[in-house]
Structures are given as C-alpha cells and as structure tokens.
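here is my input, please return the structure:
(2 chains)
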2 protein chains.
Amino acid sequence: MLKEVNRRAQLDALFHPRSLAMIGATRAMTKWGFIVLARIINDGYAGKIFPVNPKEKTILGLQVYPSILDVPEPVDLAVITTPAAVVPEVITQCGKKGVPAAVVITSGFSETGLEGAALEKQVVALARSSGMVLVGPNTMGIYSAPAQLTCLMAPVMPMPGRTACIAQSGNVGTHMLFIGYQRGLGFHKFVSSGNEGDLAFDDYLEYFGADPEIHSIVAYLEGLDPGNRFLHVAKSVSRHKPIIVLKGGRTAAGAVAAASHTGALAGSVAIYNGLFRQTGVIQAETNKEVVELARALESQPLPKGSSVGILTRGGGWGVITADACAEAGLTVAKLAPETIAQFDRLLPPYWSRGNPVDLVAVLSSKMYVDCLKILLADPGVDGVLALGANVEAQADNVFQALQRIEKVPRAEIERVKAQSLQEARDFVNAIVELIEQGGKPVLLVGRWVASKEWDTRLQMLGEPEEAAKVMAKMVEYAEYLRG
Amino acid sequence: MLKEVNRRAQLDALFHPRSLAMIGATRAMTKWGFIVLARIINDGYAGKIFPVNPKEKTILGLQVYPSILDVPEPVDLAVITTPAAVVPEVITQCGKKGVPAAVVITSGFSETGLEGAALEKQVVALARSSGMVLVGPNTMGIYSAPAQLTCLMAPVMPMPGRTACIAQSGNVGTHMLFIGYQRGLGFHKFVSSGNEGDLAFDDYLEYFGADPEIHSIVAYLEGLDPGNRFLHVAKSVSRHKPIIVLKGGRTAAGAVAAASHTGALAGSVAIYNGLFRQTGVIQAETNKEVVELARALESQPLPKGSSVGILTRGGGWGVITADACAEAGLTVAKLAPETIAQFDRLLPPYWSRGNPVDLVAVLSSKMYVDCLKILLADPGVDGVLALGANVEAQADNVFQALQRIEKVPRAEIERVKAQSLQEARDFVNAIVELIEQGGKPVLLVGRWVASKEWDTRLQMLGEPEEAAKVMAKMVEYAEYLRG
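Residues are numbered from 1 along each chain as shown, chains lettered A, B, ... in the order given. Down below sits the predicted model:
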C-alpha cells in the first residue's frame, strides 16, 4: 500500500522549507493557529507564508487562502492546527497539492484513546499514500536555524548553533531550548516528535546524524516502537557525534507515568541502560545536564582518562570539588613531583602542595593562567576543573562603590575599568590557547560577567558538582570511542 | 588566664556595631583595606566609620586616625586588614581602647604553618585577656542586615532576610549569598569563620539560634574542634529552627583536601553523618540546594509524610518528576477514587487518570488552581510538586510578535497585557491561599517572569529534580521533629 518514499528529500523539505502553509491560521490571539503563526513571522522565517482559513481574508498582514489547493505557488511544508476531525481532509488536500511534509500540531489522536488512534492511523495512511512525511500528530513543533524557522507552540526563542534536539515531550524539549539560551548552547534543528504516527525517533536521529552542520544530538526519550532501528543508527552516529539522552521512565514510578504519557513500556529500564551502553549514548540525569554536556563536548577536547586536576581560588571550593569528583567517579590526580616543584616556585610556601591546587588569595589572572598551564602539563592530569575564573566581577563591584562616593575621578575609574575588561579578554584567550595546545579539556566553574562572545570557546559551569558530572560523562564517552 | 567574658554582649557588638574602625584602611584601590571599606560605605552602613592608617589624612571622604587610640569616640567593632606581623600590636591597642569585637581579615596565621599558628595563638590570647572576641583570623568578613553592614571581601551584595549563614570557607559562604540573591533567599547575618582562632562554629550556631529574627541557619562545615558543643547546641536549635549544612569532606578525596584547607580530620564522614542525624541537621548536597531548602522551609509548611502529588502541564514533565521523586526517596501518591472522580469532572476524558496529574494542554490558570486544590485535598497527598506554573511567559512572547508586526492596536495589546498580569497575580494569590488553608507544602517548578514581590510566599524551583530533593529533605526534617 505505502509508496516507497525518499525520506531524506521529504525531511529536507520539512527542515528547510522554501515556503509553508499555516492551515488553521486564525485571528484569535489565544489560539495556536495565531500564536504559532505570529512566532514564525516574528522570529524571521525567510520563506513564503500562506495562511489557510476559509473564513478570513488577511491575518497578521498576510493574504489568507480558503484551502491549500488555492495557494498559487508550491508549498514545501504544511503546519496544521485545525481541529482533529478535519485533519484527514486537510492531509488529502496537501497530498493533491504535492506538499512533501507536514507538522501536525493538532492533538486529539492516539493520546486520547482508541478512537483517536484510529483517526491517527487514517491520517498517517493518507500521508504515506501521497508520499508525504508527518511530524506528530500532537507535536509542539519544529525549529530550524538554517531556515530561520521557529514553528513552536512554546514561548521560547532558541539560539542558533550546532546542536540538534529530538524530544518525545514538547515541554521537556522546549525547556532544553530555553536552558540552552540561558547557558549559551545554540541549536541547529529541533523536533517535538509528538505521537510519532509517521516519523519516529530513529528517523530524526538518522537524519540529524547525517547532517555535517550538526555537532551533537540531544534528546528526551521515553520509549522506542517495536521494530525501531535505534541500535543500528545510534551506534553509527555516536562514532562521529555525541548523542546525549535524558531518559524518562528510569524508575518504576517514572515508567508508570511514561506508560500513561507516550505508552512507553514499563520495566525496560535495564534494557535501555544496556542499549545506551552498547551504542555509546551518553545518559544525562537532568535537562540542564543535557545542555551542559552538549556545550562541553562542543567546545572541549575529550579527556584521555579519568584523572582530574582541580584549580581553586579558595580551599573550601577545592574540598567541595574533590567531593564532587569522587562522587562522580573521577580520580583526583596525584601530582607529579615536578609539577609540585613548579608550583613551589610560583605560590606562597603555605600553598596546598597537592591537588586541589589552592591559589590562596592570589587575584592576578596572569598567575591563574600560569598555574593552569602547569597543572595541564602534568602527565597524570587528563583534564582540569578550574574554579573561580570570574575575574571581572571583582572589579565591577568596586567601581560601583567608587562611582557612588565620587571621590575618585571618573577618568581614572574608566581607565581601570577598561584595563580590567582587557585583562578579562586576555584571560579568556590565554585559557583557550592552553586548551588548544594541550588537547585536554578544561571546565571552568564561575560566572560570566560580560559579553557572551567568549562563551563558545569555553565551557563555564555554575557549580563544581555540575562540572564534575559533566567531566565524568565526557570520560565515559571517550572510553567508549577508544574501546 | 582568660577572663570569663559575656560572649553574648560581644557578639551583639560584633553584629550590631554602632561604630567601627577600619584598621589598615588604604587609598590603594586593589587592597582589601580599600575594597572592604568601600563596600561598607557603599552598601549603607548606618553607624560611624573610623579609618585607621598612620600615613593618610582622608580616605573615601572620611577622616583617618593614626591609631585606634586616637579615635575620639567609643568603637564597637574593629575590622583589621593590616599585615599579620602588626596584628598583635593592633589587638593590644584595641584592648586598651575597650573595643569588644574584631573581624581579623588579615591572613598569614595558622593556615600558613607553625610560625603562623604561634602568631595566631598570641593574638587570640591578647584578645581574650582584654575581653574581646575575634572573627578569624583569615576571614572573608561578616554581614548583618539589621546593622546594614556588608563587611565582606567578596563582591556580593546579600539580600536582607531571615536566614543566617556560618561558613568555614569564605568563598563557599559568599557564593551562598550570591545564589540567595539570585533565588530570592534573604540573609539576616553572615559570618566567614576563618581559622576560628577564637569564635568557632558552635558559638555562631548558638548565637544565631537564640536570635528570634532568624528563621533558619545555613552553613558550610568542614570540621569541628575537639571539645566543641555542636551536639548540644544543634540539638536544641534544630527543635525550633532548621539547620541546613553543606559538609565539605564527604569523600576520601574531599577529606584530604579539607585536611589541607582547615585541618579538619579525615575519615570522620560516618561520625558527621551520625551527628547530623542525631541533631536533626539537614544535609544538603550542593550550595544551591542549601539555598533552595532554606527558601522552601521559610515559605512552606512541613509535609506530614513522604507521599507527593504531581501536577503537570505536560506528560514528559510528569515522567521526569516521577523519576526524580522515586530517586529522592519520595512516594508518588496513589490518588483516592474520590480525587479521580473530581478530576474526571474537570479534565478531558483522556487525562492521565492517575498521579502525575497531567493537565494536558489546559492553559487556564483558574483550571490549574482548581486542580491543585483537588490534589491537595487528597488525604494520601502530603505535599505537591506543581510544574509549569509560569503563566505570564506565554503572553509576553506573543506581545513581542504583535508589537513587531504592529497590525494589532497598541491599546488592545496593553489591555491584554494588563489582564494577563492581573491573572498571574490572582494565580499566585490563589496558590498561597491553598497552601495556607491546607497546611501542605507546594513546591512550584517553573519560571518567575515578573516582579520578585511574589517570591517570598512561594518557593519556585527551576528543575523538577531540585524540587524532589528539597521535598525529600523537608520530609526527613519533619520526621525528625515528630520522632
């Protein structure tokens, strides 16, 4: 019955559409047919947009067409928000029009029961019979940076970048986009896979895996349909790009909830853990960890082992970080005598004389870089957690005091401020250089206090516990690739 | 040798000084004697300030005195940043002047070796012989909201509030203040206890424990000196206010680092765990968790058991949260038939019909509150994790689209915006009311998108995993108090 289709071409139409029709477009500000359309326009989609609604003439300044068949030009993508009952008719018309791909936002299908499941089956069969691929139904939408397309229900504006995201929950997936925006992780493509009536998790994984512009793939996964190609696809993709998965339903309570959400099978925790181990998929514990891991893998070389150096500006931070490393399964490296001798020459005699390397009250960023260099050069150190790398904050606060009191001339304040900014830039550049030369990862822990331009070459985490977990998972992935 | 002193009165002078002398004040902008003084002035200290420096006439617009003995008025607090070698002389002069308390920021004491330890012993003996209490030496300073005193080296501006903090690491402690600022936790008093040459952890715990304005005490703890009164003090304090501790040196690697930092004894992990269990001290895993726990305990009633209800706007979030609850040791409550019947009347027929309660695509905040009310009323539910409680973000993004496109009249946008803001306020008030009436804690997971005024009555966390861990520790504390 089903035509053999060239899925690759339809997926290209889906994520790089030259034109789209919004079927179910409306002027009602609280409806998805308005909200999604407004976001597509607002976020700068570069192709043509054809709203479809038999009752309207114009919406948001665009001409409206009574049906997709009235659109005078070719349409690459149909975005559908009509009521569920009319979706079969809409899909039939899209087929006639020769639309290669559709995003079915409409809900009320298999997630609602048997009747909905029958309707979904009908819709998928209609689509397949005309060689059309479907996202959803019951999807929160897609995002594509190269197409400047933000076709999303959720009020999140992704940052363009090199990560792709597959989400078996629109809410969880768009939250990854949101955290990415906060933490400097850019996205290339995103899909909320919805009910996966047609296109499924492994289809997206394969497509994103083959895209050379995509550096890593992150995902929220609850379950895979019988007959899926995950094992084969993931194994092949993870050899050349990291796949980071947050698995929903890791516990009995979670599995029960998943069964009610996507119908994923309970009791399969061990199976998935085995599958991930076998395919080199990195399993994250939280949404935020997914994002931090992707950023770290995008900006840092992989560690060659599990021994870490810890550089800290305070003894307490060193203790917390050593605890966190041990709890994450990392080894706090024993420093070579030569490394200790080098620090002896640089630091006051009462320095910690071991790892963590406590810089005590050293404020100079040059000294910080010098010490990082020594630590990275130790042959027993596979990577470094570098704490308190937020040079600029110190200065800013002092300026505030100076300006309010106004006893120090403004020109002097401006001079010191500019100097401090330059020092911060030099600091960042010096660390980037050390990473490039040494080929060892450095995860910074601290606060960015100025321009985001620096973020892409470094990975800065907020807490040492996060950095330790991220480093431990980088170690695991590196071990998988070597083994 | 040591005079028996009234520590309470000296501690009052320390945290509520009517006047202070800054000994070691300087015009050199990169030195602590300038930075700390600038912060004290800038952050609005209400008492008199007397900078002391034999070589200067004025600093930051204030008259400078050659020595503390030249100050013409009584001095409650001496803040000392001079070189270590002259601290004994400074302390002797402070004693002559009758200063009851000093904050010794100066480092170079027991943390540097035997010679420094001897100097520290001398300084402490001098202070005690004149009935003076010391913070430090090697402290990052103190903060007191009622005195409007921010005597801190770190560039952090605490938010005034009802929590006290004791930190055996200035860096870790001031980071708690920073996270508190970000997450809406206000502080009443803070002390970086430094080397604890004189005043020690249990002294501060006892003092903060007796202060009725302080609601909870948070701490970073590496170790306690022999002969400490922690067991007795903590047991008594934790009956009426929560004590939340981040313990440094929980692992072998961390204990080694702690030995080098504060000299805390290694191998005592089990002892501390037992001590905390025995005294009802809540142990947190990260700095952030310390802050979130304090906020939750400040704003929420204690749960009567470990069964939680989960309210979610998305199935995936429900799954993640159920996993997180199970992993944190909570039970995902089985709902009573009557509860399910009530939801049946409100929600579409395909709702999850169990806990987590998935509101599916319900956007109305009234419906959200109605469902929360039903869930809280279930006798098997001891507390609720309520996800997706960020109503206002939705609207804001749509407004952005509308304004850029400018086809919708501004007045209409303003009207809808004001309505949405009012709805958000009503939403918050309704939840606060449900908590007050039901006496059960509700931890929200979502994003604040407007005014911070709402934060104090609710606890909103960023991630479900955080909320589950916080709820689990509230359950433990409640069990301790009952048992």
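
which SSE is immediately downstream of the helix or strand harbouring A:Asp426?
In this assignment (DSSP states H and E), A:Asp426 forms part of helix A:410-438. Moving toward the C-terminus from helix A:410-438, the next helix or strand (DSSP H and E) is strand A:442-445.

just the buried residues of the helix holding A:Asp426, please?
A:413, A:416-417, A:420-421, A:423-425, A:427-428, A:430-432, A:434-435, A:438 (16 or more other CB atoms under 10 Å in any protein chain shown). C-beta: built from backbone N, CA, C; applies to glycine.

cool, stretch A:200-214 as well?
Going by 16+ other CB under 10 Å, stretch A:200-214 has these buried residues: A:200-209, A:211, A:214.

how far does that stretch sit from its chain's centre?
14 Å (CA atoms, centre = their mean, to the nearest Å).

which residues are contacting that stretch?
Stretch A:200-214 has contacts (CB atoms under 8 Å, 6 or more residues apart in numbering or on different chains) with A:7-8, A:11, A:15, A:146, A:162-164, A:166, A:168, A:188-189, A:191, A:193, A:217, A:219, A:221, A:224-225, A:228-230, A:233-234, A:236-237, A:241, A:243.

show me those that map onto helices.
A:7-8, A:11, A:15, A:230, A:233-234, A:236-237 (DSSP state H).

just the buried ones from those?
Buried members of those, counted by 16+ other CB under 10 Å: A:7, A:11, A:15, A:230, A:233-234, A:237.

center of chain A, which residue is that?
The C-alpha lying nearest the average C-alpha coordinate of chain A belongs to A:Val291 (CA atoms, centre = their mean; 4.8 Å).

where along the stretch 51-200 of chain A do the helices fall?
Ranges of helices in the stretch 51-200 of chain A, per DSSP state H, counting those that start in this stretch, are A:87-97, A:114-129, A:170-183.

which one of the ones you listed lies closest to chain B?
Among the helices of the stretch 51-200 of chain A, the nearest to chain B by CB to the nearest CB is helix A:170-183 (3.1 Å).

that closest one: how far from the chain's middle?
Averaging C-alpha positions (CA atoms, centre = their mean) puts helix A:170-183 7 Å from its chain's average.

buried stuff in it?
Buried residues in helix A:170-183, counted by 16+ other CB under 10 Å: A:170-181, A:183.

could you restrict those residues to the ones contacting chain B?
When CB under 8 Å from any CB of the partner chain is applied, the members of the buried residues of helix A:170-183 adjacent to chain B are A:170-173.

dump the residues you listed into TSV; add pLDDT and distance to A:Ala472 as well.
Listed next are those as TSV, based on pLDDT from 0 to 100; distance: CB to CB, whole Å:
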residue	pLDDT	distance to A:Ala472
A:Gly170	92	30
A:Asn171	89	28
A:Val172	93	23
A:Gly173	95	25
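
follow-up on the earlier one: from A:Gln459, how far out is the residue nearest to the centre of chain A?
Remark: distance between A:Val291 and A:Gln459 (CB to CB, to the nearest Å) = 11 Å.

need the overlap of contacts for the two.
In contact with both A:Val291 and A:Gln459: no residue, using CB under 8 Å, 6+ apart.

which residues of the stretch 301-450 of chain A fall in helices?
A:315-328, A:337-346, A:365-377, A:391-405, A:410-438.

how close does A:Leu177 sit to A:Cys165?
Relative to A:Cys165, A:Leu177 is positioned 7 Å away (criterion: CB to CB).

for A:Arg353, same thing?
To A:Cys165, A:Arg353 is 45 Å away according to CB to CB.

and A:Ser238, by the same measure?
According to CB to CB, A:Ser238 and A:Cys165 sit 16 Å apart.

higher neighbour count, the two?
A:Cys165 (30 against 23; other CB atoms under 10 Å in any protein chain shown).

beta partners of the residue nearest to that one when sequence neighbours are not counted?
Distances taken as CB to CB, 6 or more residues apart in numbering or on different chains put A:Phe190 closest to A:Cys165, at 4.5 Å, once the chain neighbours are dropped. On the basis of DSSP bridges, A:Phe190 is bridged to A:Tyr143, A:Cys165.

check contacts around A:Phe190.
Residues near A:Phe190 by CB under 8 Å, 6+ apart: A:142-144, A:152, A:158, A:164-165, A:167, A:173, A:177.

how does it look with 10 Å?
A:15, A:140-145, A:149-152, A:156, A:158, A:163-167, A:170, A:173-174, A:176-177, A:180, A:204, A:208, A:218 (CB atoms under 10 Å, 6 or more residues apart in numbering or on different chains).

counting neighbours, what do you get for the residue in the stretch 251-400 of chain A positioned nearest to chain B?
Proximity of the stretch 251-400 of chain A to chain B (CB to the nearest CB) peaks at A:Gly316, 2.1 Å away. A:Gly316 has 27 neighbours, counted by other CB under 10 Å.

ok, now A:Ala46?
By the criterion of other CB under 10 Å, A:Ala46 has 10 neighbours.

same deal with A:Val290?
The local packing of A:Val290 (other CB under 10 Å) involves 27 other residues.

whatever residue of the stretch 151-300 of chain A ends up closest to chain B: what's it in contact with?
Proximity of the stretch 151-300 of chain A to chain B (CB to the nearest CB) peaks at A:Ser169, 2.1 Å away. Neighbour list for A:Ser169: A:140, A:175, A:192-194, A:220-222, A:246, A:248, A:258, A:261-262, B:314-320 [criterion: CB under 10 Å, 6+ apart].

got any ranges where chain A has weak pLDDT?
Scanning chain A for pLDDT under 70 picks out A:1-5, A:264-267, A:361-363, A:390-407, A:448-455.

now A:Pro160: closest residue in space, sequence neighbours ignored.
A:Pro160's closest residue in space is A:Ala145 (CB to CB, 6+ apart), at 3.9 Å.

now the ones in helices among the contacts of stretch A:200-214 in a markdown table, with distance to B:Glu466?
Output for the ones in helices among the contacts of stretch A:200-214, formatted as a markdown table (distance: CB to CB, whole Å):
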| residue | distance to B:Glu466 |
| --- | --- |
| A:Arg7 | 40 |
| A:Arg8 | 41 |
| A:Leu11 | 36 |
| A:Phe15 | 34 |
| A:Phe230 | 30 |
| A:Val233 | 33 |
| A:Ala234 | 29 |
| A:Ser236 | 36 |
| A:Val237 | 31 |
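
related to what we said a few turns ago, in which helix or strand does the residue nearest to the centre of chain A reside?
For A:Val291, the host element (DSSP H and E) is helix A:287-299.

right, is that helix up against chain B?
Yes. For helix A:287-299, a contact with chain B is found by CB under 10 Å from any CB of the partner chain, at A:287-289.

specify the angle between that helix and helix A:170-183 in degrees.
With axes from the mean of the first three to the mean of the last three CA atoms, to 10 degrees defining the directions, helix A:287-299 sits at 50 degrees from helix A:170-183.

now the angle from helix A:287-299 to helix A:410-438?
Angle between the axes of helix A:287-299 and helix A:410-438 is 70 degrees (criterion: the same axes, to 10 degrees).

quick check: angle from helix A:287-299 to helix B:315-328?
100 degrees.

centre of the chain to helix A:287-299, how far?
7 Å.

alpha carbons only: can I get that helix in CSV?
Output of helix A:287-299 as CSV, limited to C-alpha atoms (Å, rounded to 0.1, in the frame of the first residue of the first chain):
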residue,chain,number,x,y,z
ASN,A,287,17.6,18.7,31.4
LYS,A,288,20.3,21.1,32.4
GLU,A,289,23.0,18.4,32.4
VAL,A,290,22.0,17.6,28.8
VAL,A,291,22.7,21.2,27.8
GLU,A,292,25.9,21.5,29.8
LEU,A,293,27.2,18.2,28.3
ALA,A,294,26.5,19.3,24.8
ARG,A,295,28.3,22.6,25.4
ALA,A,296,31.3,20.9,26.9
LEU,A,297,31.5,18.4,24.1
GLU,A,298,31.2,21.2,21.5
SER,A,299,34.0,23.3,23.0
